[in-house]
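Novice: structure for the following, please:
(one chain, ligands or ions: 1)
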Amino acid sequence: MTTILKLENLNYGYEDGGFRRQILKDLSYEFEKGQFYTILGPSGSGKTTLLSIIAGLDKQESGKIYYEGDDLDKIGLYKYRRNKIGIVFQQYNLISYLTGLENIELAMTETDNAIPKNQKEVAYALLEKFGIVKSKADRLVTKLSGGEQQRVAIARAIASNVDLIFADEPTGNLDTATEQEIIKIFRMLTEEFGKTVIVVTHSNVVSQLSDHRVVLNEGQLKDI
Ligand SMILES: Nc1ncnc2c1ncn2[C@@H]1O[C@H](COP(=O)(O)OP(=O)(O)OP(=O)(O)O)[C@@H](O)[C@H]1O
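Specialist: Numbering: from 1, shown residues only. All right, here's what the predicted structure looks like:
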């Protein structure tokens, strides 16, 4: 197997009222290409903090991150976010005054990666693949259910032709039946599209369907 993301001796902490709390302690881990990972751990253990750092939204205090062998400092965090990764959030974070289709098309323009010429057809097809038919794709995203908005958000995450998808509690706002449907889509991302998926979750339902369950505890990641 090939490593897509390598974390090497990451350290990160917060100052809180004059007291320093170390969240990541010499954390090292390797994520393999095409696999579905869930990151579990007690509330406050630092899962969201870790995701922010490995998604290039924040910077570790020390240690190195390599994407396909290249140091993130060399790639640059902006280019890393723009060209290498997609992110799915608990609150969907779609652009509310655009339709599902327009959200996807916008994501296609916000990358330097090659995007097909027939952008609109590809965007419709991608949404349809994830269960959003044309009549829904043409609707303002605020007029879609939570589960439907999350389908659009997952389609948006891969629309820029990236290989690595992060998600933070993507089913946190959804009922159990919808959660199952969303997990099927994450599985599809790895099995059909060959993407690597890294999901932070408290849900056992989600973690049971992942290839690798990893726990963040006392600043380190361990396979369980
Ligand atoms: N900007 C900040 N300044 C100070 N402390 C922070 C900051 N952001 C997060 N923390 C603290 O760092 C710890 C880890 O937070 P984080 O949100 O990463 O945990 P988590 O494992 O994702 O939690 P949960 O499962 O509850 O979402 C918490 O104690 C939190 O209060």
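Novice: so what's residue 192 scoring on pLDDT?
Specialist: Residue 192 carries a pLDDT value of 93.
Novice: over to the one 4 residues further on?
Specialist: Model confidence at residue 196, expressed as pLDDT, equals 97.
Novice: I'd assumed residue 5 was in contact with it.
Specialist: Yes - using C-beta atoms under 8 Å, residue 196 makes contact with residue 5 at a distance of 7.4 Å. Any C-beta I mention is one placed from the backbone N, CA and C, and that applies to glycine too.
Novice: so for those two, which residues contact both of them?
Specialist: Here residue 196 and residue 5 have 31, 164 as joint contacts, going by C-beta atoms under 8 Å, 6 or more residues apart in numbering.
Novice: ok, residue 211 - contacts?
Specialist: Residue 211 touches 35, 36, 37, 190, counting by C-beta under 8 Å, 6+ apart.
Novice: make a markdown table out of those residues and add secondary structure.
Specialist: What follows is the contacts of residue 211, written out as a markdown table (DSSP: H, G, I helix; E, B strand; the rest coil):
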| residue | secondary structure |
| --- | --- |
| 35 | coil |
| 36 | strand |
| 37 | strand |
| 190 | helix |
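Novice: got a list of what the residue nearest the centre of the chain touches?
Specialist: Closest residue to the average C-alpha location of the chain: residue 166 at 1.4 Å, with C-alpha atoms, centre = their mean. Contacts for residue 166 were tallied using C-beta under 8 Å, 6+ apart; they are 51, 54, 55, 85, 86, 87, 88, 198, 199.
Novice: how about the fourth one, nearest residue that isn't a chain neighbour?
Specialist: This means residue 85. Of all residues not flanking residue 85 in the chain, residue 164 sits nearest, at 4.8 Å (C-beta to C-beta, 6 or more residues apart in numbering).
Novice: how many neighbours does the one you found have?
Specialist: Residue 164 has 23 neighbouring residues, counting by other C-beta atoms under 10 Å.
Novice: which residues does it contact?
Specialist: 4, 5, 67, 84, 85, 86, 195, 196, 198.
Novice: could you rerun that using 6 Å?
Specialist: By C-beta atoms under 6 Å, 6 or more residues apart in numbering, residue 164 lies in contact with 4, 85, 196.
Novice: in space, what's closest to residue 14 - neighbours in sequence excluded?
Specialist: residue 21 (5.3 Å).
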